[in-house]
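Engineer: no sequence on this one, just coordinates:
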């Protein structure tokens, strides 16, 4: 998508050098105070000006009695105030010369007619001054690469590559912990709230240009600018995948979405049409949304739907095959050359039908390095799906049998695992083909965490792994279709 | 199901007082040695007789040169031997008077015609002596309540209520870690292997009578005795739910299952028919199989499909509503009396449409105790689905603000959480209605672990929670249908 990120109305909102903050106090349990503390906790390096009618200091920072008193015109105002004084405060910001804002406060269209009047007043003030703003009724923004977190929960995970725009603030803030578990994180996450000014389409345009964003995630209760959404998405998809979860996929979800933000969602087939025209990949749940982002943001795009499954247990191989079948993936037979190269690694109890069931391997290095490499080199293979039984215990036992001293077992095991993890994580880029893992083991396992950190996805269920691989295959098709139609 | 567990051919296999063990040695990496160590690690209280042609001691236990030398006739023989000597060893066991065995060794029908001959020889020996046996080509059995684990991985989780029979040994052993994470475990798990003698139907009959088994789980690649399966299941379902995952639900799964055990699976519609006639609840994946068991084994049976969703975030409420809709559950409106009772707890930003979106609660005790109780008491409510944002942090902050000393914060927080967890976990039994949670938070969280230990299911995704609740609703229907037809 052409154009620079700096031209987006969201640029100063996501990358401010200075912030006027309304609503923090010395009451530690106030929402505004929590948000101010979040901003500081992530190490925001710009200037932060709390505005407070009475306090000289707020949370140890110098406070100002009014926005007019600030020593400069800040890039951004953040408002966490009672509904009744939001519009007048934004007006004061406008008079000061501020042109960007985040309105966290709720009590607008989402509560009915009285709130709608207040929102109209807010929009009028913004228009008068040319202020572009996010919200109201939102949790704000996290831009992990700019060390900015204006949500009320601490962003304590690493910067990531998922650019998100969400019509629920919860799916920004409440997913920090979730994403961090898999080594993932947001590049920038926007909670768009009531979208009085800035909406999903603006977020798409920003995230398309954001260099830290490899994949765009959308949580949608309703799309307000359908035509612009489709045009914008079509321009983006050839360069970056977009995944969306539309909660109105069922009647119950549609009604709940309405009760949440007051936005009237359309029938499911309307959204099916919008997504199909847009080239947007559709997820059926929040979990699936992030699974798809994980695989789309880390894996090469496969040239087709043929998957080779590698396991050392028949049952996990069969369930992975079933999961691939249910997701529309194909399991090709192996070619003769690949079979010959595999033969030395396959015991007589094993099977070289796809799934490749090794039953056991004498050396875990073969399972994690040599065998996947042979499979990735096979011309019949587009992707590899590997069952990860985490080998920590096996590695430790082998080292023990090799005579490693008890007090060095821990560090030696970790060293060996790190070597294996680095080698296996390098394979997909080397061969230009995806290698996706699945495991029923705990994601807290040290080996799993090493793989996550290195960007190798190991999903906690073969069905989730297969659906994510299918999304990757779908992305290739969607991208090619748009490129062919010449719309980009 | 009438009859006593003691009459089952599996009784002595699952509850032996003495075991002759073949295949363990002083080589620590041998499979037989691992299994012997597993048996001892779980604290098996019976006698254990390693049989070894050369060693006087095996892993510190007195060893015997031949089964004929044993000082008694053991209840059970466990064989982890090279394929070629399995039949002759079983013959010696028969001559000694042993009448029950587990044959772990592989290399039989699963590898083709040569193996099939060996399996026939094994069956002949067993028949000659009247020996009933599990396997061959299986990982054996875990009976956590009898402290017996004949699989090669340690059973280091608590005894549970899931009775499992599996045509893949992996889904016994490799799920210990998985189940333990959610406070679950097996009552008894059978790996049936090639089912040369004992099969799924025998396992069903045993598990139906096992007092520790609240729900039966099946992993199926093919059913050999279709008619007996249906009759047995129909007799069990009015008393205990049965959940099955059939891997041949897709063409790819069917082919992989064949390559795994050599059993020819039937077309999916045949299995759909079998499950429908049997009253068996069908799961679509391993994860779903255990999700269903979790909820079926811990929750009262709801009187209908009406669910009330409780959240304090609009997004999670909407996605839970969507998940319920996709699973065929209904979200009724609340009655006037319940609305009046809820009113004091709902701030003006909240919503009492179903989902109940509280947006926030001043006191976490209200969210976790008073509000679910009001909902469970509502006549329009059959089940409650609650969003759990784990409140550890909130509780700690409140305690800090109340002036609890820093060095007591940890223990006080834990105490408060334990009190909340115990109170909320008592609600379903008190009201005779299910209360199921969902959360995107880490299952390692202390509050989550307390709830798991108390038997309150909190699933890691609203879709999984909704599908499990729908399985509970389905169970009531299946049970009533069979009872009505008078087949039990």
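Structural biologist: Sure thing, it's come through. Please read all numbers here as calculations on a predicted model, not as lab measurements. Numbering: from 1, shown residues only, chains lettered A, B, ... in the order given.
Engineer: buried set for the helix or strand hosting residue A:466?
Structural biologist: Taking DSSP states H and E as the criterion, residue A:466 maps to helix A:462-485. Residues of helix A:462-485 classed as buried: A:462-476, A:478-479, A:482 (neighbour count, 16 or more other C-beta atoms under 10 Å in any protein chain shown). From N, CA and C alone the C-beta is placed, and that goes for glycine too.
Engineer: show me the shaky parts of the stretch 1-150 of chain A.
Structural biologist: Within the stretch 1-150 of chain A, the stretches with pLDDT under 70 are A:1-2.
Engineer: quick one: mean pLDDT over the helix holding residue A:466.
Structural biologist: In this model, helix A:462-485 has an average pLDDT of 96.
Engineer: elements contacting that helix?
Structural biologist: strand A:281-283, helix A:286-298, helix A:314-326, strand A:383-387, strand A:435-438 (3 or more C-beta pairs under 8 Å, 6 or more residues apart in numbering or on different chains; DSSP states H and E).
Engineer: how about residues contacting the last one?
Structural biologist: Going back to what we said before, that points to strand A:435-438. With contacts defined as C-beta atoms under 8 Å, 6 or more residues apart in numbering or on different chains, strand A:435-438 is touched by A:295, A:299, A:316, A:320, A:372, A:376, A:383-388, A:424, A:427-428, A:451, A:456-462, A:464-465, A:468-469.
Engineer: so how far is the first residue of stretch A:341-350 from its last?
Structural biologist: 15 Å (C-alpha to C-alpha, to the nearest Å).
Engineer: for residue A:165, name its beta-bridge partners.
Structural biologist: residue A:190, residue A:218 (DSSP bridges).
Engineer: distance between stretch A:197-215 and the chain's centre?
Structural biologist: 13 Å (C-alpha atoms, centre = their mean, to the nearest Å).
Engineer: now check it, is it near chain B?
Structural biologist: No - Stretch A:197-215 is not in contact with chain B by C-beta under 8 Å from any C-beta of the partner chain; minimum separation 14.4 Å.
Engineer: ends of that stretch, how far apart?
Structural biologist: So stretch A:197-215: terminal residues 24 Å apart, C-alpha to C-alpha.
Engineer: swap in stretch A:292-305?
Structural biologist: 16 Å.
Engineer: nearest residue to the residue nearest the centre of chain A in space, ignoring adjacent ones along the chain?
Structural biologist: Taking C-alpha atoms, centre = their mean, the centroid of chain A lies closest to residue A:162, which sits 3.5 Å from it. Leaving aside its chain neighbours, residue A:162 sits nearest to residue A:293 (4.8 Å; criterion: C-beta to C-beta, 6 or more residues apart in numbering or on different chains).
Engineer: which parts of the stretch 301-450 of chain A are helices?
Structural biologist: A:314-326, A:336-342, A:364-365, A:371-377, A:392-401, A:406-431, A:446-453 (DSSP state H, counting those that start in this stretch).
Engineer: among the ones you listed, which is nearest chain B?
Structural biologist: helix A:314-326 (2.4 Å; C-beta to the nearest C-beta).
Engineer: what helices and strands are in contact with that closest one?
Structural biologist: Using 3+ C-beta pairs under 8 Å, 6+ apart, helix A:314-326 is in contact with strand A:307-311, strand A:356-357, strand A:383-387, helix A:462-485, helix B:170-173, helix B:251-261.
Engineer: in CSV: these, plus distance to residue B:270.
Structural biologist: Output for the helices and strands packed on helix A:314-326, formatted as CSV (distance: least, C-beta to C-beta, whole Å):
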stretch, distance to residue B:270
strand A:307-311, 25
strand A:356-357, 25
strand A:383-387, 28
helix A:462-485, 23
helix B:170-173, 22
helix B:251-261, 11
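Engineer: ok so, going back, so which of the helices and strands packed on helix A:462-485 is the most packed in?
Structural biologist: helix A:314-326 (a mean of 29; mean count of other C-beta atoms under 10 Å in any protein chain shown).
Engineer: the helices of the stretch 301-450 of chain A: which one's closest to residue B:334?
Structural biologist: Each of the helices of the stretch 301-450 of chain A has some distance to residue B:334 by C-beta to C-beta; the shortest is helix A:314-326, at 37.5 Å.
Engineer: host element of residue A:231?
Structural biologist: Assessed by DSSP H and E, residue A:231 sits inside helix A:226-236.
Engineer: pLDDT score for the residue of chain A most remote from its centre?
Structural biologist: The C-alpha centroid of chain A is most remote from residue A:403, which lies 44.4 Å away (C-alpha atoms, centre = their mean). With respect to pLDDT, residue A:403 scores 86.
Engineer: near chain B, which residues of the stretch 351-488 of chain A?
Structural biologist: Residues of the stretch 351-488 of chain A lying near chain B (C-beta under 8 Å from any C-beta): A:351, A:353, A:355, A:357, A:359, A:389, A:397, A:401, A:440-442, A:444, A:460-463.
Engineer: now with 10 Å?
Structural biologist: Those residues of the stretch 351-488 of chain A that sit near chain B, judged by C-beta under 10 Å from any C-beta of the partner chain, are A:351-355, A:357, A:359-360, A:387, A:389-390, A:393-394, A:397-398, A:400-401, A:439-445, A:460-464, A:466.
Engineer: if any of those are buried, put those into a ChimeraX selection.
Structural biologist: Remark: buried members of those, expressed as a ChimeraX selection using 16+ other C-beta under 10 Å:
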select /A:351,352,353,354,355,357,387,389,390,394,397,398,439,440,441,443,445,460,461,462,463,464,466
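Engineer: give me the number of residues near the nearest residue to residue A:369 once chain neighbours are set aside?
Structural biologist: Nearest residue to residue A:369 in three dimensions, chain neighbours excluded: residue A:423, at 5.3 Å (C-beta to C-beta, 6+ apart). By other C-beta atoms under 10 Å in any protein chain shown, 15 other residues sit near residue A:423.
Engineer: try residue A:308
Structural biologist: 25.
Engineer: got a pLDDT number for it?
Structural biologist: pLDDT recorded at residue A:308 is 97.
Engineer: next: residue A:266.
Structural biologist: 69.
Engineer: about what we covered before: what does the helix holding residue A:231 rub up against?
Structural biologist: A:1-2, A:199-205, A:207-209, A:216, A:218, A:220, A:223, A:225, A:242, A:244, A:266, A:270-271, A:273-280, A:478, A:481-482, A:485, A:487-488 (C-beta atoms under 10 Å, 6 or more residues apart in numbering or on different chains).
Engineer: what angle sits between it and helix A:462-485?
Structural biologist: Relative orientation of helix A:226-236 versus helix A:462-485 (axes from the mean of the first three to the mean of the last three C-alpha atoms, to 10 degrees): 90 degrees.
Engineer: for helix A:226-236, what is the average pLDDT?
Structural biologist: pLDDT averaged over helix A:226-236 gives 96.
Engineer: list the buried residues for that helix?
Structural biologist: Across helix A:226-236, burial judged by 16+ other C-beta under 10 Å covers A:226, A:228-230, A:232-236.
Engineer: reformat the residues you listed as a markdown table; add distance to residue B:132.
Structural biologist: Formatted as a markdown table, the buried residues of helix A:226-236 follow (distance: C-beta to C-beta, whole Å):
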| residue | distance to residue B:132 |
| --- | --- |
| A:226 | 67 |
| A:228 | 71 |
| A:229 | 66 |
| A:230 | 66 |
| A:232 | 68 |
| A:233 | 63 |
| A:234 | 66 |
| A:235 | 69 |
| A:236 | 64 |
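Engineer: and the one helix or strand residue A:92 maps to with chain B, contact?
Structural biologist: Following DSSP H and E, one finds residue A:92 within helix A:86-96. No - using C-beta under 10 Å from any C-beta, helix A:86-96 stays clear of chain B, coming no nearer than 14.1 Å.
Engineer: so what does the helix or strand that that helix is followed by touch, helix or strand wise?
Structural biologist: Per DSSP H and E, the first helix or strand lying C-terminal to helix A:86-96 is strand A:100-103. Contact partners of strand A:100-103 among helices and strands, from 3 or more C-beta pairs under 10 Å, 6 or more residues apart in numbering or on different chains; DSSP states H and E: helix A:11-14, strand A:18-22, strand A:76-79, helix A:86-96, helix A:113-129, strand A:132-134, strand A:140-143.
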